[in-house]
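>>> build me a model from this:
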Amino acid sequence: MKPKRIGFYGGKFDPPHVGHLLCAEMTREAFQLDKVLFVTSANPPHKPVGATPAHIRHEMVEAACAPNCYFEACDLELKRPGKSYTLLTIRQLREIYGPDTEICLMISSEYLDPDYEWNVGVWTGAVELFPMVRLLVFTREGHTNELSRRWGAMLVEKFKNLVEIKIDYLDFCPAPPVSSTLLRKRVSEQQSIWYMVLPEVWQIIRDRGLYGCKTPQRGTVLQKQWRRFSFNAKRLWNRLLKRVRFH
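Next comes the predicted model:
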């Protein structure tokens, strides 16, 4: 069955971290999305690409999405030459899923800020884009829900004679003090990023030596699985012994 509502969450994801995952999951649940597409931006028009190739960033996105059955890594922008404009990707998704599927564009509140250089209202083809999506806005750290709604109302007012804009807001979404910039810095300084990214993502960073990582490996995946199995088996055995003693 085709999904009725899907979330579009785009970004460089260099690397994807728990903040991305948390916002996506809470938005998915709050608005009953059938799935969330993590769209890796190959060549974002508003940010420098950086040193990490798009296919490696997408590899990390795939690893981050894998544990959650509602998340899916989307590589449409990697397959398309030129700048990674959201409008072009939304057009492709409309062709794939058809008119019966609602596409929800997930953005942080900064993209509603009228003073922000890359406010969603100045995106390429915004007048065409808005009718094809519903904006789902989660409040960024330092902003308030009231401020997000005020900015949203200003956006609607600005385009009222051109197109209808549909906006919903996620009133509560924890914002962990973590960012891709922070993670790259910590890795380059040989500091730990445990619990800031999923273990699968951290494994890729170490395996590929991304961001100047020189952290030595602590065993293969099979060895780690064996340690986890041994730990759980020992814990289960201790529980059984306690039951025997008390009976």
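
>>> residues near Trp151, how many?
Around Trp151 sit 24 other residues, with neighbours defined as other C-beta atoms under 10 Å. Backbone N, C-alpha and C define where each C-beta goes, glycine included.

>>> how about the one 3 residues further on?
By the measure other C-beta under 10 Å, the count of residues near Met154 is 14.

>>> in a helix, it, correct?
Yes. Following the definition DSSP: H, G, I helix; E, B strand; the rest coil, Met154 is counted among the residues of a helix.

>>> tell me the SS of the residue nearest to it when sequence neighbours are not counted?
Counting by C-beta to C-beta, 6 or more residues apart in numbering, the nearest residue to Met154 once its immediate chain neighbours are dropped is Pro114, at 5.8 Å. For Pro114, the secondary structure call by three-state DSSP comes out as coil.

>>> show the model's pLDDT score for Pro44.
Reading off the per-residue confidence, Pro44 sits at a pLDDT of 83.

>>> and what of Asn238?
At Asn238 the predicted local confidence, pLDDT, stands at 69.

>>> one more: Arg235?
What the model reports for Arg235 is a pLDDT of 72.

>>> what's the answer for Val244, then?
At Val244, the pLDDT value in this model is 62.

>>> and Gly219, by the same measure?
Each residue has a pLDDT score; the one for Gly219 is 60.

>>> and for the closest residue to Asp171 other than its chain neighbours, the neighbour number?
Leaving out its chain neighbours, the residue that sits closest to Asp171 by C-beta to C-beta, 6+ apart is Asn145, at 5.1 Å. A count of nearby residues for Asn145, using other C-beta under 10 Å, gives 15.

>>> next: Ser84.
By other C-beta under 10 Å, neighbour count at Ser84 equals 23.

>>> that one and Pro44 touch, don't they?
Yes. With contact defined as C-beta atoms under 8 Å, Ser84 reaches Pro44; the gap is 5.4 Å.

>>> for the residue lying closest to Leu155 once chain neighbours are set aside, list the residues it contacts.
Leaving aside its sequence neighbours, Leu155 sits nearest to Gly121 (C-beta to C-beta, 6+ apart; 5.5 Å). Applying C-beta atoms under 8 Å, 6 or more residues apart in numbering, we find Gly121 in contact with 114, 155, 158-159.

>>> and for Leu210?
Taking C-beta under 8 Å, 6+ apart as the criterion, Leu210 is in contact with 15, 52, 56, 187, 204.

>>> run the last query once more with 10 Å
Taking C-beta atoms under 10 Å, 6 or more residues apart in numbering, we find Leu210 in contact with 14-15, 51-52, 56-57, 60, 183-184, 187-188, 201, 204.

>>> what's the answer for Ser192, then?
For Ser192, counting by C-beta under 10 Å, 6+ apart, the contacting residues are 186, 202, 215.

>>> switch the cut-off to 8 Å
For Ser192, the contacting residues are Arg186, taking C-beta under 8 Å, 6+ apart as the criterion.

>>> how far away is it from Pro81?
With distances taken as C-beta to C-beta, to the nearest Å, Ser192 is found 38 Å from Pro81.
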